[in-house]
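[1] coords below, sequence missing:
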């Protein structure tokens, strides 16, 4: 049953967020609050995760395909563009406002905390707004192309 | 630095890195939570099983931890619903426009040594630090 693999990975990821304390917004804000009683724990979490993921991804790149799937889904984009920087900037503001990013937000749904449920719904709405906006932009581009084509 | 917990941070970090590497080696997928979650929100039917399984694992972790006596405290959030909603909208829209979050860019992207992810991580860390500086120290929240 291949579905066990992503379930197990989700469990390990969740355990990592729990043990490191990063599931708690106060812990994350302690790192982001460089003017207050600064807590460098989040930097240690990232460094430890990268110490595993850098060699791990190198190993994956040497293999032609994953163990349980036909192909790797490596991200294809490599250029640093305006949507990347604008999106990251907006995400950072939201993250700084309450101290929740997507992983801890979804994991915290287990506590049935009303605040987290509202946050997760708003996050899903933000993603949906982006999807609708992208689609309308594509449609506008296409109709512009068609309009130009008839001129020629 | 009274709240610094380097040992639990290192153990947790290793587990997060291990999860990302295992997901790639086993299923070929990137463990970016915003990407995994947003893939569930469209109406197309394909490609949903592994996403549901991963998020189910993520939510099951604190439930299992609670079962063995390490229950998770509900997260402490601002009392203001407008702030919570605005933050959620910004996180949702921003991670889609920027193509990733703390896990997708911060752990997986930098783990692949992607300049795009390094740039994104520097930007979201910077705006988050500025936001906290303003809300905690300028506005005194």
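    Everything's here; your move. Quantities reported herein were computed from a predicted structural model and do not represent experimental measurements.
[2] Tell me if the helix or strand harbouring residue B:21 is near chain A.
    Residue B:21 is located in helix B:6-27, with elements delineated by DSSP states H and E. Yes. Helix B:6-27 lies within reach of chain A by C-beta under 8 Å from any C-beta of the partner chain, at B:6, B:8-27. Where C-beta positions appear, they are placed from N, C-alpha and C, glycine not excepted.
[3] And that helix, what's buried?
    B:8-27 (16 or more other C-beta atoms under 10 Å in any protein chain shown).
[4] what does stretch A:34-48 give?
    Buried residues in stretch A:34-48 (16+ other C-beta under 10 Å): A:39, A:40, A:41, A:42, A:44, A:45, A:46, A:48.
[5] Give me the mean pLDDT for the helix holding residue B:21.
    For helix B:6-27, the mean per-residue pLDDT is 97.
[6] That helix - contacts with which helices or strands?
    helix A:4-20, helix A:41-62 (3 or more C-beta pairs under 8 Å, 6 or more residues apart in numbering or on different chains; DSSP states H and E).
[7] which residues of chain B score low on pLDDT?
    Applying pLDDT under 70 to chain B picks out residues B:141.
[8] which one of the helices and strands packed on helix B:6-27 has the most crowded surroundings?
    helix A:4-20 (a mean of 25; mean count of other C-beta atoms under 10 Å in any protein chain shown).
[9] Which strands or helices does the next helix-or-strand element following that helix pack on?
    With elements assigned by DSSP H and E, the helix or strand that comes after helix A:4-20 is helix A:25-32. Judged by 3+ C-beta pairs under 8 Å, 6+ apart, helix A:25-32 is in contact with helix A:41-62, helix A:82-98, helix B:115-133.
[10] what about 6 Å?
    helix B:115-133 (3 or more C-beta pairs under 6 Å, 6 or more residues apart in numbering or on different chains; DSSP states H and E).
[11] The helix it packs on to helix A:82-98, inter-axis angle?
    Relative orientation of helix B:115-133 and helix A:82-98, computed by axes from the mean of the first three to the mean of the last three C-alpha atoms, to 10 degrees: 30 degrees.
[12] and the gap between the nearest residue to residue A:65 once chain neighbours are set aside and residue A:119?
    With C-beta to C-beta, 6 or more residues apart in numbering or on different chains as the criterion, residue A:65 has its nearest non-adjacent residue at 5.9 Å, and that residue is residue A:71. Residue A:71 sits 34 Å away from residue A:119, going by C-beta to C-beta, to the nearest Å.
[13] Also residue A:62?
    40 Å.
[14] tell me the contacts of the residue nearest to residue B:14 when sequence neighbours are not counted?
    Distance criterion C-beta to C-beta, 6+ apart; nearest residue to residue B:14, sequence neighbours excluded, is residue A:48 at 5.0 Å. Counting by C-beta atoms under 6 Å, 6 or more residues apart in numbering or on different chains, residue A:48 touches B:10, B:13, B:14.
[15] quick check, nearest of those to residue A:124?
    residue B:13 (27.4 Å; C-beta to C-beta).
[16] about what we covered before: turn the helices and strands packed on helix B:6-27 into a markdown table, columns for mean pLDDT.
    Formatted as a markdown table, the helices and strands packed on helix B:6-27 follow (pLDDT from 0 to 100):
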| stretch | mean pLDDT |
| --- | --- |
| helix A:4-20 | 98 |
| helix A:41-62 | 97 |
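[17] Go through the ones you listed and name the closest to residue B:34.
    Per C-beta to C-beta, nearest to residue B:34 of these: helix A:4-20, 13.3 Å.
[18] for that closest one, packing partners?
    For helix A:4-20, the packing partners by 3+ C-beta pairs under 6 Å, 6+ apart are helix A:102-108, helix B:6-27, helix B:49-67.
[19] need the contact list for the closest residue to residue B:91 other than its chain neighbours.
    Excluding its sequence neighbours, the residue lying closest to residue B:91 (C-beta to C-beta, 6+ apart) is residue A:94, at 3.9 Å. For residue A:94, the contacting residues are B:87, B:90, B:91, by C-beta under 6 Å, 6+ apart.
[20] Tell me the spacing between the residue nearest to the spatial centre of chain A and chain B.
    The centre of chain A sits closest to residue A:102, judged by C-alpha atoms, centre = their mean, with a distance of 6.1 Å. Per C-beta to the nearest C-beta, to the nearest Å, residue A:102 is found 4 Å from chain B.
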